[in-house]
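*Asks:* This is a predicted model, with the sequence first.
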Amino acid sequence: MKSKSLVSSAKVENLIVRVRGHNVMLDKDLADLYKVETKYLSRQVTRNIDRFPRDFMFVLTEKEFENLRCQFGTSRWGGRRYLPRVFTEQGVAMLSSVLKSKRAVKVNIEIMRTFVKLREMLASNAQLARKLNALERKYDTRFKVVFDAIRQLMAPPAAKKKQIGFDK
């Protein structure tokens, strides 16, 4: 029988963002999941910095942080003295060893499952694209419209820009 997880996979998925070509999670979001203060998480990372090479954890630039704040709204992170750290999948796995709590281990298990699920979804989408390309080469141009429509359905949704101001 499966035990109930401390955090939902959907919640974790919503906290994963793409920065510098990596799927990462922000220090504040991780601290919220672990039920610790961000400064405690940061202190533990600093004390064990040799466990977090650049491909496990890095600090956002001011521009990257501003882009994320604009994307999600400013109230989410409040006032910060320092730029946030972000953790890749491997960095998140390393966090459970420096936080040393049962909750950290259980939350990390759910986070790892979510990262694996996202990787599987990306791989299946790539596999579907390869099959579609093979079918397109096999059949003539009569089906081009069908293949184009399928590609549009496979494409990630375009970012919607909110219009500011009034319409004339």
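*Replies:* Yep, it's here. Residues are numbered from 1 along each chain as shown.

*Asks:* Pull out the CA atoms of stretch 84-91 and give them to me as PDB.
*Replies:* These are the backbone C-alpha positions of stretch 84-91, laid out as PDB (Å, rounded to 0.1, in the frame of the first residue of the first chain):
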ATOM      1  CA  PRO A  84      18.400  33.400  -4.800                       C
ATOM      2  CA  ARG A  85      20.200  30.100  -5.300                       C
ATOM      3  CA  VAL A  86      18.700  27.600  -7.600                       C
ATOM      4  CA  PHE A  87      19.200  23.800  -7.500                       C
ATOM      5  CA  THR A  88      19.200  21.300 -10.300                       C
ATOM      6  CA  GLU A  89      17.900  17.800  -9.800                       C
ATOM      7  CA  GLN A  90      21.300  16.700  -8.500                       C
ATOM      8  CA  GLY A  91      21.500  19.600  -6.200                       C
END
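
*Asks:* which element follows the biggest helix by length in the chain toward the C-terminus?
*Replies:* As assigned by DSSP state H, the longest helix anywhere in the chain is helix 102-138. Where DSSP states H and E defines the elements, the next helix or strand beyond helix 102-138 is helix 144-154.

*Asks:* right, and residue 12 touches residue 111 too?
*Replies:* Yes - counting by C-beta atoms under 8 Å, residue 12 does reach residue 111; the two are 5.4 Å apart. Glycine gets a C-beta too; all of them are placed from N, C-alpha and C.

*Asks:* Between those two, which contacts overlap?
*Replies:* Common contacts of residue 12 and residue 111, defined by C-beta atoms under 8 Å, 6 or more residues apart in numbering, comprise residue 33.

*Asks:* Let's see the least confident helix or strand in the chain by mean pLDDT as PDB, backbone CA atoms only.
*Replies:* Between all helices and strands in the chain, the lowest mean by mean pLDDT, DSSP states H and E belongs to helix 144-154, at a mean of 74. Output of helix 144-154 as PDB, limited to C-alpha atoms (Å, rounded to 0.1, in the frame of the first residue of the first chain):
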ATOM      1  CA  LYS A 144       1.300  17.800 -45.000                       C
ATOM      2  CA  VAL A 145      -1.700  19.600 -43.500                       C
ATOM      3  CA  VAL A 146      -2.300  16.800 -41.100                       C
ATOM      4  CA  PHE A 147       1.300  16.600 -40.000                       C
ATOM      5  CA  ASP A 148       1.500  20.400 -39.600                       C
ATOM      6  CA  ALA A 149      -1.700  20.300 -37.400                       C
ATOM      7  CA  ILE A 150      -0.200  17.500 -35.200                       C
ATOM      8  CA  ARG A 151       3.100  19.500 -34.800                       C
ATOM      9  CA  GLN A 152       1.000  22.500 -33.600                       C
ATOM     10  CA  LEU A 153      -0.700  20.300 -31.100                       C
ATOM     11  CA  MET A 154       2.700  19.000 -29.800                       C
END
